[in-house]
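Asker: model this:
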Amino acid sequence: MREETFKISNLYTTEEAEKLTQAMLNVWGISQAEASAQHKTISIMFDERMSSSADFEQAVREAGFDLICD
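Answerer: Got it, this is the predicted structure:
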């Protein structure tokens, strides 16, 4: 299992954070997810054999949010 945290540019409310958390939990291989509107982040725990960063990026976009790429 691996943990990663991503920055989200347009995450403003707790309702949006919950929506993003649920979207990430629907991605195959993610076992834990927690979004924070206060910090504008999503932290996930996942099995890297089952999912990749491309899967996470797609789920974030499909939920209506934008990743901040460093």
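Asker: going forward, measure contacts and count neighbours with C-alpha atoms only.
Answerer: Noted.
Asker: now do stretch 31-48, average pLDDT.
Answerer: Averaging pLDDT along stretch 31-48 gives 96.
Asker: and if you look at stretch 5-22?
Answerer: Across stretch 5-22, pLDDT averages out at 96.
Asker: work out for me the element A17 sits within.
Answerer: Per DSSP states H and E: A17 is located in helix 14-25.
Asker: give the burial count for the residue lying closest to E16 once chain neighbours are set aside, as a bare number.
Answerer: Leaving aside its chain neighbours, E16 sits nearest to A37 (7.5 Å; criterion: Cα to Cα, 6 or more residues apart in numbering). Residues lying near A37 (other Cα atoms under 10 Å) number 18.
Asker: check contacts around the residue in the chain sticking out farthest from the centre.
Answerer: What lies farthest from the middle of the chain is R49; by Cα atoms, centre = their mean that is 17.4 Å. Taking Cα atoms under 8 Å, 6 or more residues apart in numbering as the contact definition, R49 lies against G29.
Asker: ok, M50 - contacts?
Answerer: The neighbours of M50, taking Cα under 8 Å, 6+ apart as the test, are W28, G29.
Asker: pop out the phi and psi values for it.
Answerer: Dihedral pair for M50: phi -110, psi -20, per degrees, to the nearest 10.
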